[in-house]
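> Below is the sequence, then the predicted model.
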Amino acid sequence: MLHTRTTPAERRKDLREQLASGRLVRMPGAVNPYAAKLIQEHGFEAAYLSGGVLAAELCLPDIGLTTATEIAARAQQVTRVTDLPVLIDADTGFGAPLNAARSTQLFEDAGLAGMHLEDQIAVKRCGHLDGKTLVPTADMVRRVRAAADARRDPGFLLMARTDARGVEGLAAAIDRAKAYVDAGADAVFPEALLDEAEFEAFRKAVDVPLLANMTEFGKGPLLTTAALENLGYNIALYPVTFFRLAMGAVEEGLATLAAEGTQESLVPRMQTRSRLYEVLGYEEYAAFDSAVFDFRLPPGV
Ligand SMILES: C[C@](O)(C(=O)O)[C@H](CC(=O)O)C(=O)O
Ligand SMILES: [Mg+2]
């Protein structure tokens, strides 16, 4: 009813078991807590909180302006409503290695299953853009180590993201990934690989679970889940997909309302009132207090 019953420790165990299973974990980005609930209802294995989306919903660019406490608060609202493990985008850790350590604890406290830390400088940018700047490997190693040591639950997954492919090339990205694993990263997110051959090369070279970022309008191909599973990847990430879809629908709806003077033609595309109430679990609340759900909705609404 008001919240889920699984504990953060159970969800972390679940994610780790899934990563060890060899089956692909499909991880759509949750635009908000409600979307996280839908991701679970539709049978996905895990959910994601995208830094780009968390910034965009505040109308901020994805350049590291959001704060760790701000996104931890949002994360807590999401983990409250889903039993799925949730991975968060921790950007660069929000400052020096000590800040990365504190962020790790904030995200643990928010009930998340894990986080990824990237090797860009503090004024970061989307991994699929040109002109990125990386911190030296040694600095990122300190960042990863600080986060790894800060964990109180060893089940909390620490993933290192390397943005090196677009800056220093594939071989350097692989070398960096290996250094981050040695520093304590449990998994790796190789950002912005260009094609299937690169995904394969990374898989051959690195021995921990790997995430494939299937973001749209980026540098790489949108590979199917079957292709990613064959390549031996462990997580398929759809970070901004549902934000893009939802905002596309909002823009089309606003244009239609402005043009037609009524939203009538949009109604068939809307989620119905009864589906909304079903997702929110009105009936379960009525079991607690019958006055909550003592009405009948007319058919079709
Ligand atoms: C995964 C990512 O870090 C995010 O914030 O969702 C972005 C996604 C995007 O901007 O498309 C990224 O840097 O890849
Ligand atoms: Mg991001």
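That came in fine, so what should we check first? Note that this is a predicted model, so its numbers are computed, not measured. Ligands and ions are numbered 1, 2, ... in the order given.
> I'd say Leu15 and Leu157 touch.
Yes - counting by CB atoms under 8 Å, Leu157 is a contact partner of Leu15 at 6.0 Å. C-beta: built from backbone N, CA, C; applies to glycine.
> Find residues that contact each of those two.
Any residue near both Leu15 and Leu157 by CB atoms under 8 Å, 6 or more residues apart in numbering counts here, and that gives 87, 113-114.
> just the residues you listed now: which is nearest Ala227?
Of all these, Ala227 sits closest to Leu87, with 21.3 Å by CB to CB.
> for the stretch 151-300 of the chain, which spans come out with low pLDDT?
Along the stretch 151-300 of the chain, no part satisfies pLDDT under 70.
> which parts of stretch 92-105 are buried?
Buried residues in stretch 92-105, counting neighbours by 16 or more other CB atoms under 10 Å, are found at 92-95, 97, 99-105.
> picking up where we left off before, which one of Leu15 and Leu157 is surrounded by more residues?
Set side by side, Leu15 and Leu157 show more neighbours around Leu15, with 28 against 22, by other CB atoms under 10 Å.
> Show me which residues of the chain sit near ligand 2.
51-52, 89 (CB under 5 Å from the ion).
> Nearest to ligand 2 among these?
Gly51 (3.4 Å; CB to the ion).
> coming back round to it: same list, the shared contacts of Leu15 and Leu157, but as CSV with neighbour count please.
Formatted as CSV, those follow (neighbours: other CB atoms under 10 Å):
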residue, neighbour count
Leu87, 28
Ala113, 27
Gly114, 26
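> okay if I get those as JSON lines plus pLDDT?
Putting those into JSON lines (pLDDT from 0 to 100) gives the following:
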{"residue": "Leu87", "pLDDT": "99"}
{"residue": "Ala113", "pLDDT": "98"}
{"residue": "Gly114", "pLDDT": "98"}
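> Looking at those residues, which are in strands?
Among the shared contacts of Leu15 and Leu157, the ones falling in strands (DSSP state E) are 87, 114.
> tell me which element Glu283 falls in.
Per DSSP states H and E, Glu283 falls inside helix 282-288.
> Mind telling me which residue is nearest the centre of the chain?
The geometric centre of the chain, computed from its C-alpha atoms, lies nearest to Tyr48 (CA atoms, centre = their mean), at 2.2 Å.
> element containing that one, please.
Counting by DSSP H and E, Tyr48 is found in strand 47-49.
> Need the mean per-residue confidence for that strand.
Per-residue pLDDT values across strand 47-49 average out to 98.
> That one - contacts with which helices or strands?
Judged by 3 or more CB pairs under 8 Å, 6 or more residues apart in numbering; DSSP states H and E, strand 47-49 is in contact with strand 25-28, helix 33-41, helix 68-79, strand 86-89.
> go again using 6 Å as the cut-off
Other elements packing on strand 47-49 under the criterion 3 or more CB pairs under 6 Å, 6 or more residues apart in numbering; DSSP states H and E are strand 86-89.
> now for the strand it packs on, which elements pack on it?
Checked by 3+ CB pairs under 6 Å, 6+ apart, strand 86-89 has strand 47-49, helix 68-79 packed alongside it.
> Relative to Leu211, which of the shared contacts of Leu15 and Leu157 is nearest.
Closest to Leu211, out of all of the shared contacts of Leu15 and Leu157 and judged by CB to CB, is Leu87, at 8.4 Å.
> Go through the helices and strands packed on strand 86-89 and name the closest to His128.
Among those, if distance is taken as CB to CB, the winner is strand 47-49, at 15.9 Å.
> Mind splitting the protein into its structural domains?
Using the TED database, the domains assigned to the chain come out as 8-241, 248-293.
> most tightly surrounded among the ones you listed?
domain 8-241 (a mean of 19; mean count of other CB atoms under 10 Å).
> From one end of that one to the other, what's the distance?
26 Å (CA to CA, to the nearest Å).
> Stretch 83-95 now?
In stretch 83-95, first residue to last residue: 31 Å (CA to CA).
> And that stretch, how far out from the chain middle?
7 Å (CA atoms, centre = their mean, to the nearest Å).
> That stretch near ligand 1 at all?
Yes - part of stretch 83-95 sits near ligand 1 under the criterion CB under 6 Å from any ligand atom, namely Asp89.
> For the closest residue to Glu45 other than its chain neighbours, list the residues it contacts.
Residue nearest to Glu45 in three dimensions, not counting chain neighbours: Val25, with 4.5 Å by CB to CB, 6 or more residues apart in numbering. Shown in contact with Val25 (CB atoms under 6 Å, 6 or more residues apart in numbering): 18, 45-46, 235.
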